[in-house]
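In: Following is a predicted model, sequence given first.
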Amino acid sequence: MTTINFEYRPLPIHGEFHRSTAYERALFGAFGSGKTYAIAAEAIAWCLEQPGIRGLITRKTVPELRDTTETVFFEVLPPELRDRGEVRRIGGHVEKFTFPNGSTVLFRSIDDWNKHRSLNVGFIAFDEADEFDEETYQGMLSRVRQKDPTPEGKKYGATRIARRGVWSASNPGGHNWLYKRFVDDKNKAEGTGFWRSTSFDNPYLPPEYIQSLLQYPDPWIRRYVLCQFDDFAGQVYEDWGWDTHVVMQRHDPSRYQTYWMGMDPGTRNPTAGLWVVVDKDGSLTGQPRSLLGVAEYEQAERAVQEHAEDWRKLEAAYAPNVRQRIADPSIMTRDRGTNMSLHSQYARIGFNFQLGPKNHTDRIPMLGTLIKMGRFRVTQNCPKTYEAIKDYKWVDLTPQQRAKNLDAPERPVKSNDHLVDCAQYLASRWVPPMKEAQAAPPSNTTDEIHRAIRKQQRERVEGAVNPSHDDAVVL
């Protein structure tokens, strides 16, 4: 029998991670902290301990998976196992590695977790888990269900898979969904554990590498060197804060006459809704002509009628008089099966939506202006909206881009932004309350006909009928 030496020696900071029996485990690590090595070694250990187990190692895209995670996996894997195992490649990267004992590791990128509904594995290892959204993570959890060993494992003598689990590696990304799921005492899920490691926790890093990291700006050092969560570098709405933008006063729906709704439709993503009261006199916010979020909604995989039913209940309790509804322009896209748009489907059941701006470059400044002026706030009934706006960030630069002094790309991170989009649609159509129009003096039908004729004549002279205009933003 050939003796195989698994020479991986974990860093002291990762010892507790490997010893933990938590079903979900997360390694939050700075640059050079060895977190990818740790999750790769854990996958190999599980494959050796449970013959016939099938595991998945994933990253967001194939190039990143091929260039980093796969390379680390085969660097940690004992050479004897690689020589006796079977490597299957496809599309320029490793698709599958089969151990001599029948255990297998699949290497996959995940752009849509629904494509992996038939997958049946005993473990999943997410590398750079912050690149995935929470829906993808939770959807893939349901794929961890393997009970019977692989056919190759049964030939080896395995009879069952006794232990299953999920683990991940990530840089800290502020108070994002990973922080809430694993770290935040108020929100973290049961059966989870997390560990932090800084760049200084790896004694094998060259001193000059550490010194090079310390030359970057302070926010970057806090996140990528010291592994701190409370770094809000790159935050789009920097003025947004709990003390300044959350109203503690109770909102009495019966006292206010005008409410608006913003809606962001979802297919695989949740459909989101945000309701605001138009605070004309500033009695709620302390700032006249403001919008105050009073109710929020996020639900996925539901029919139009189901959304509408929930909206009616919510509006009866919090927003009884909705005057305007603004939605993502994508609701005008026709469904290939029914040849009907979401706009038409909602209109048929009494929800008529105007269209908000399509481009982020148009929407982001409008909400930002209202936030800066203190004219967009939320109540405690909208905790998800508050957190989503707080976590709304620009796409981050790589260290190489920063070293070249490149400007940050003007596009936000597409993660948990559905309620932010709703707020942006509302802000884009906000105008100060207009004075109520005075009633016109009574007139007879002949006078009305003459006025209509004179109006048509003026329009012909001017060359065209005046177009109708959407509400403009007046600040």
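Out: Structure's in. What do you need?

In: partner residues bridging W394?
Out: Per DSSP bridges, residues listed as beta-bridge partners of W394: P412.

In: my guess is it contacts V236, does it?
Out: Yes: judged on Cβ atoms under 8 Å, W394 makes contact with V236 at a distance of 6.0 Å. Bear in mind the C-beta positions are built from the backbone N, C-alpha and C, glycine included.

In: between the two, which one's more packed in?
Out: Neighbour totals were compared for W394 and V236, and V236 leads with 20 against 16 (other Cβ atoms under 10 Å).

In: how far away is the nearest residue to that one once chain neighbours are set aside from G234?
Out: Nearest residue to V236, sequence neighbours excluded (Cβ to Cβ, 6 or more residues apart in numbering): Y392, at 4.7 Å. To G234, Y392 is 10 Å away according to Cβ to Cβ, to the nearest Å.

In: ok, now K313?
Out: Relative to G234, K313 is positioned 38 Å away (criterion: Cβ to Cβ).

In: Then R223?
Out: Separation of R223 from G234 (Cβ to Cβ): 9 Å.

In: Which one of these two is surrounded by more residues?
Out: Shown here are R223 and G234; by other Cβ under 10 Å, R223 has more neighbours (24 against 20).

In: Show me the residue sitting in the middle of the protein in space.
Out: Compute the mean C-alpha point of the chain, and by Cα atoms, centre = their mean the closest residue is S415, 2.2 Å away.

In: Quick check: which element contains it?
Out: Here S415, judged by DSSP states H and E, is contained in no helix and no strand.

In: got a list of what it touches?
Out: Shown in contact with S415 (Cβ atoms under 8 Å, 6 or more residues apart in numbering): D133, N176, W177.

In: What of S33?
Out: Residues near S33 by Cβ under 8 Å, 6+ apart: L11, I13, S197, T198, S199, D201, N202, C227.

In: In JSON lines: the residues you listed, plus secondary structure, neighbour count and distance to I53.
Out: Formatted as JSON lines, the contacts of S33 follow (DSSP: H, G, I helix; E, B strand; the rest coil; neighbours: other Cβ atoms under 10 Å; distance: Cβ to Cβ, whole Å):
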{"residue": "L11", "secondary structure": "coil", "neighbour count": "18", "distance to I53": "25"}
{"residue": "I13", "secondary structure": "helix", "neighbour count": "20", "distance to I53": "26"}
{"residue": "S197", "secondary structure": "strand", "neighbour count": "23", "distance to I53": "27"}
{"residue": "T198", "secondary structure": "coil", "neighbour count": "18", "distance to I53": "32"}
{"residue": "S199", "secondary structure": "helix", "neighbour count": "21", "distance to I53": "33"}
{"residue": "D201", "secondary structure": "helix", "neighbour count": "18", "distance to I53": "30"}
{"residue": "N202", "secondary structure": "coil", "neighbour count": "22", "distance to I53": "29"}
{"residue": "C227", "secondary structure": "coil", "neighbour count": "22", "distance to I53": "31"}
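
In: residues contacting the residue nearest to G29 when sequence neighbours are not counted?
Out: Closest residue to G29 apart from its sequence neighbours, by Cβ to Cβ, 6+ apart: K35 at 3.5 Å. Counting by Cβ under 8 Å, 6+ apart, K35 makes contact with H14, L27, F28, G29, A169, S170, S197.

In: which other helices and strands contact the host helix or strand of the second one?
Out: Using DSSP H and E, the secondary-structure element containing L27 is strand 24-29. Counting by 3 or more Cβ pairs under 8 Å, 6 or more residues apart in numbering; DSSP states H and E, the packing neighbours recorded for strand 24-29 are helix 35-49, strand 165-170, helix 177-182, strand 192-197.

In: rerun that using 10 Å as the cut-off
Out: In terms of contacts (3 or more Cβ pairs under 10 Å, 6 or more residues apart in numbering; DSSP states H and E), strand 24-29 is packed against helix 15-19, helix 35-49, strand 123-127, strand 165-170, helix 177-182, strand 192-197.

In: closest one to T369 among these?
Out: Evaluated over these, closeness to T369 peaks at helix 177-182, with 28.0 Å, by Cβ to Cβ.

In: Alpha carbons of that closest one, as PDB, please.
Out: Taking C-alpha atoms only, helix 177-182 is exported to PDB below (Å, rounded to 0.1, in the frame of the first residue of the first chain):
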ATOM      1  CA  TRP A 177     -25.000  39.700   3.400                       C
ATOM      2  CA  LEU A 178     -22.000  37.600   4.400                       C
ATOM      3  CA  TYR A 179     -21.500  39.900   7.400                       C
ATOM      4  CA  LYS A 180     -25.100  39.600   8.400                       C
ATOM      5  CA  ARG A 181     -25.300  35.800   7.900                       C
ATOM      6  CA  PHE A 182     -22.100  34.900   9.800                       C
END
